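>>> Sequence and predicted structure below; questions after.
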Amino acid sequence: MKVSVTTRSGRELINGGLVLDTSATVADLQEAIHQRIKKYYPSRQRLTLPLQPGSKEKAVVLQQKKSLKEYTSGNSDTLTVVFKDLGPQVSYRTLFFFEYLGPLVLYPVFYYFPVYQLLGYKGERVIHPVQTYALYYWCLHYFKRIMETFFVHRFSHATSPLSNVFRNCAYYWTFGCYIAYYVNHPHYTPVSDLQMKIGFGFGMVMQVANLYCHMILRNLRSPSGNGGYQIPQGFLFNIVTCANYTTEIYQWLGFNIATQTVAGYVFLVVAASIMTNWALAKHRRLRRLFDGKEGRPKYPRRWVILPPFL
Ligand SMILES: NC(=O)c1ccc[n+]([C@@H]2O[C@H](COP(=O)([O-])OP(=O)(O)OC[C@H]3O[C@@H](n4cnc5c(N)ncnc54)[C@H](OP(=O)(O)O)[C@@H]3O)[C@@H](O)[C@H]2O)c1
């Protein structure tokens with residue numbers, strides 16, 4: 001089979017095209033492109049079918065496991081594909097590891113090291129019990145997330161653009177420092193003992209619930225990450241589509257009830273709005289995939305993320 005590979009501007013990426021076996025898959029084509037241009041390893045490539053000039057439709061993205069024959073018209077032995085360079089890629093595990101490592105390491109710096117003295121604070125710093133518990137709670141949360149990244153999640157996408165590492169690290173690392181600065185501040189005023197216990201107690205229950213939600217999601221896929229998207233069922237998923245986000249939001253609420261800083265609540269609002277947008281997209285995707293037509297199951301009626309509001 002003869003495959004022409006063009007760029008989005010219509011230029012030929014590989015002069016004269018490539019000749020592949022008739023049984024070749026998209027993955028074989030990506031490997032052949034990689035052999036010809038070393039920097040374009042397979043996960044960096046996005047291959048689509050060409051669109052008619054002026055077409056407003058979305059281009060069909062070639063699926064790695066499918067045979068190239070499935071994308072040719074009729075019995076044709078030629079195929080033209082459009083190549084897009086996705087830029088340098090990193091694995092999802094690398095991305096998540098670095099974004100969570102920042103808050104895990106930076107938060108204790110504000111607790112253990114004389115940061116405030118270096119910033120000009122002269123008095124003696126008295127550490128309240130809530131500040132110590134907050135440190136444990138925070139570190140446990142990010143340690144859990146790193147462990148889940150390596151041992152629980154079964155990602156469907158192999159990689160993410162390298163630029164996302166910088167964007168996500170900026171988000172998590174900055175918020176980590178912002179909250180740590182205020183919770184560990186020498187002028188920090190603790191909440192009542194009862195409020196602290198309610199906050200941390202509720203937050204811990206939500207952290208465990210969040211882990212359990214992630215275990216349920218894990219079991220929807222095979223160990224290789226195959227299986228696509230399924231209808232999550234059981235526990236809170238019977239009520240809400242993104243129960244893992246719901247419990248994540250509630251566990252931050254627990255932390256904020258116990259520590260009560262403006263910085264913590266700002267993070268809660270920003271994180272909740274990010275997760276709400278993602279939850280809406282995930283809810284729409286599951287309803288589209290499970291539409292009850294042609295033998296497909298129908299996605300049950302559920303809240304999206306925060307019952308009884310959404
Ligand atoms: N504080 C914050 O700002 C914030 C923001 C976002 C997330 N988080 C936390 O980080 C965790 C991970 O978030 P995430 O958005 O990366 O992952 P996610 O969408 O919650 O899913 C976790 C894993 O389960 C898989 N999955 C989700 N729905 C599935 C379904 N219906 N069928 C099969 N597999 C499914 C995902 O696959 P894919 O690889 O295909 O996605 C992913 O590997 C969250 O649950 C939350 O605790 C925190």
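Alright, I've got the coordinates. Numbers count the residues shown, from 1 in each chain.
>>> Check which helices and strands the helix or strand hosting Leu29 is in contact with.
Take DSSP states H and E as the rule and Leu29 turns out to sit in helix 26-36. The elements that helix 26-36 packs onto, with contact taken as 3 or more Cβ pairs under 8 Å, 6 or more residues apart in numbering; DSSP states H and E, are strand 18-19, strand 45-48. (Each C-beta comes from the backbone N, C-alpha and C, glycine too.)
>>> Including distance to the ligand, could the ones you listed go into TSV?
Listed next are these as TSV, based on distance: least, Cβ to the nearest ligand atom, whole Å:
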stretch	distance to the ligand
strand 18-19	30
strand 45-48	17
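>>> winner for burial among the ones you listed?
strand 45-48 (a mean of 20; mean count of other Cβ atoms under 10 Å).
>>> for that one, what is the average pLDDT?
In this model, strand 45-48 carries a mean pLDDT of 94.
>>> what about dumping the CA coordinates of the helix or strand that that strand is followed by to CSV?
Next helix or strand after strand 45-48 toward the C-terminus (DSSP H and E): strand 78-85. Extracted in CSV, the C-alpha atoms of strand 78-85 (Å, rounded to 0.1, in the frame of the first residue of the first chain):
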residue,chain,number,x,y,z
THR,A,78,-3.3,4.3,-1.8
LEU,A,79,-4.0,6.5,1.2
THR,A,80,-3.2,10.1,2.0
VAL,A,81,-2.8,11.1,5.7
VAL,A,82,-2.3,14.5,7.3
PHE,A,83,0.5,14.6,9.9
LYS,A,84,0.5,16.9,12.9
ASP,A,85,3.5,17.2,15.2
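>>> Turn the helices and strands packed on helix 26-36 into CSV, columns for distance to Leu62.
Compiled in CSV, the helices and strands packed on helix 26-36 are given as follows (distance: least, Cβ to Cβ, whole Å):
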stretch, distance to Leu62
strand 18-19, 14
strand 45-48, 4
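>>> In contact with Trp173, which residues?
Glu99, Gly102, Pro103, Leu106 (Cβ atoms under 8 Å, 6 or more residues apart in numbering).
>>> secondary structure element for it?
Per DSSP H and E: helix 162-183 holds Trp173.
>>> What are the buried residues along the helix or strand just after that helix?
Using DSSP H and E, the next helix or strand after helix 162-183 towards the C-terminus is helix 193-218. Across helix 193-218, burial judged by 16 or more other Cβ atoms under 10 Å covers 196, 199-200, 202-204, 206-207, 209-211, 213-214, 216-217.
>>> by contact count, what packs against helix 193-218?
Looks like helix 193-218 contacts helix 129-151, helix 243-259 (3+ Cβ pairs under 8 Å, 6+ apart).
>>> right, and these - which one's nearest the ligand?
helix 243-259 (3.6 Å; Cβ to the nearest ligand atom).
>>> the inter-axis angle of the helix holding Leu29 versus strand 78-85?
Using axes from the mean of the first three to the mean of the last three Cα atoms, to 10 degrees, the inter-axis angle of helix 26-36 relative to strand 78-85 is 70 degrees.
>>> got the CA coordinates for helix 26-36 in PDB?
What follows is helix 26-36, C-alpha atoms only, in PDB (Å, rounded to 0.1, in the frame of the first residue of the first chain):
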ATOM      1  CA  VAL A  26      -1.700   2.800  11.700                       C
ATOM      2  CA  ALA A  27       0.900   1.900  14.400                       C
ATOM      3  CA  ASP A  28       3.100   0.400  11.600                       C
ATOM      4  CA  LEU A  29       2.700   3.600   9.600                       C
ATOM      5  CA  GLN A  30       3.700   5.700  12.600                       C
ATOM      6  CA  GLU A  31       6.700   3.500  13.100                       C
ATOM      7  CA  ALA A  32       7.700   3.900   9.500                       C
ATOM      8  CA  ILE A  33       7.400   7.700   9.800                       C
ATOM      9  CA  HIS A  34       9.600   7.500  12.900                       C
ATOM     10  CA  GLN A  35      12.200   5.400  11.000                       C
ATOM     11  CA  ARG A  36      12.400   8.200   8.300                       C
END
